[in-house]
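Participant: Have a look at this fold, sequence not included:
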Ligand code: L14
């Protein structure tokens, strides 16, 4: 058995799960034993890890004793049941769902932004991975926050269908085919078509009129930057893109900062690639830059002509990689290098 840690991936057959597995391989994460897990529905399938086919086990019947790290991405209710159980058996869980993100004793971590928060993992043995839209926004805004302070964030997201899983990607594919064939797409059971459409609704509506996806960006920004004074106003929108979330972000800073300074700061920021030229194609897009890549791409950096201390940015990243799987593996890398 090679040197390393026993690692379980829960949700191993899902989009994020299979990406977790390939990122563990790519980054040569020290794995001595690899345990793919899923709900009963997917148990019995197998996944490939480092050239071997490994059967996926039913999490319901799995005993976490001896597993050191659990990367969980099988939905909130699965995490609610199995993360505390794994944690009690000595497994440190990096959880991709929104289940534990707002619990004060569960760290919520973006490695480029607040890696020090990982230290508190010992209280629950659970670390929460933030929402995809929050992660890329934090990576891009942290250098601005440190340099000039941020008082307010207005953001509109343009989120890909992969965030909702493989089934929704297939829905887009089928609807696009039907539409190109001349069919007029209609709502089905109140659900509006996504092909050739734009839908201002992700996750459940909240009593204040925002959706939960929007409120996640508010709650998580406060936790990750450790600053509840930042006013955050998001609109989260689904667009017919397979991979990569885009965001139009408008920040108001405490001190005035020029677009040139922001460009300079971000060009040196960890995890960020600036692509910002005022010409056709001189900006990142989901399809051409973000998809299948690890960086958060930033363009369209400019001073807000409607505000004294406003900066506008266009921020794009792969929601399945930096927005989920990669961020989790980066957290696990810090765990093993700094804490184990
Ligand atoms: O909060 O449907 O981790 O795109 C991220 C993907 C919520 C749903 C989260 C989607 C999820 C979201």
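Facilitator: All right, it came through fine. Every value quoted in this text rests on a predicted model; they were computed, and no experiment measured them.

Participant: Now the terminal residues of stretch 4-17, how far apart.
Facilitator: 20 Å (CA to CA, to the nearest Å).

Participant: and that stretch, anywhere near the ligand?
Facilitator: No. Applying CB under 6 Å from any ligand atom, one finds stretch 4-17 out of contact with the ligand, separated by at least 9.0 Å. Backbone N, C-alpha and C define where each C-beta goes, glycine included.

Participant: Wait, residue 316 touches residue 139, no?
Facilitator: No. If you go by CB atoms under 8 Å, residue 316 and residue 139 don't touch, sitting 11.3 Å apart.

Participant: who has more neighbours, those two?
Facilitator: residue 316 (29 against 25; other CB atoms under 10 Å).

Participant: joint contacts of residue 316 and residue 139?
Facilitator: Common neighbours of residue 316 and residue 139 (criterion: CB atoms under 8 Å, 6 or more residues apart in numbering): residue 296.

Participant: Can you pull up the residues of the stretch 201-340 of the chain that come close to the ligand?
Facilitator: 202, 203, 216.

Participant: The second one: neighbour count?
Facilitator: Just to be clear, that refers to residue 203. So residue 203, with other CB under 10 Å, has 17 neighbours.

Participant: quick one: contacts for it?
Facilitator: Residue 203 touches 211, 212, 213, 216, 236, counting by CB under 8 Å, 6+ apart.

Participant: Tell me the spacing between the residue in the stretch 51-200 of the chain that the ligand sits nearest to and residue 96.
Facilitator: Residue nearest to the ligand within the stretch 51-200 of the chain: residue 163 (2.3 Å; CB to the nearest ligand atom). Distance, residue 163 to residue 96, using CB to CB, to the nearest Å: 11 Å.

Participant: And for residue 149?
Facilitator: 30 Å.

Participant: The residue of the stretch 51-200 of the chain closest to the ligand - how many residues pack around it?
Facilitator: For residue 163, using other CB under 10 Å, the count is 27.

Participant: Helix, strand, or coil at it?
Facilitator: helix (DSSP: H, G, I helix; E, B strand; the rest coil).

Participant: Next: residue 119.
Facilitator: With three-state DSSP as the criterion, residue 119 reads helix.

Participant: Identify the residue spatially nearest to residue 263, adjacent ones excluded.
Facilitator: Using CB to CB, 6 or more residues apart in numbering and skipping residues adjacent in sequence, the residue nearest residue 263 is residue 301, 5.2 Å away.

Participant: List the contacts of that neighbour.
Facilitator: By CB under 8 Å, 6+ apart, the contact list for residue 301 reads 259, 262, 263, 266, 274, 276, 311, 312, 313.

Participant: from these, which is closest to the ligand?
Facilitator: Of those, the one sitting nearest to the ligand (CB to the nearest ligand atom) turns out to be residue 313, at 20.9 Å.

Participant: so where do the strands sit in the stretch 51-200 of the chain?
Facilitator: Using DSSP state E, counting those that start in this stretch, the strands of the stretch 51-200 of the chain run over 52-55, 57-58, 69-72, 92-95, 126-128, 150-158.

Participant: what is the mean pLDDT for the second one?
Facilitator: Translated: strand 57-58. The pLDDT scores in strand 57-58 average 98.

Participant: distance of the nearest residue to residue 130 once chain neighbours are set aside from residue 84?
Facilitator: Nearest in space to residue 130, with sequence neighbours left out and distances taken as CB to CB, 6+ apart, is residue 220 at 4.9 Å. From residue 220 across to residue 84, the span is 21 Å (CB to CB).

Participant: Counting neighbours, go ahead and name the busier of these two.
Facilitator: Shown here are residue 220 and residue 84; by other CB under 10 Å, residue 220 has more neighbours (24 against 16).
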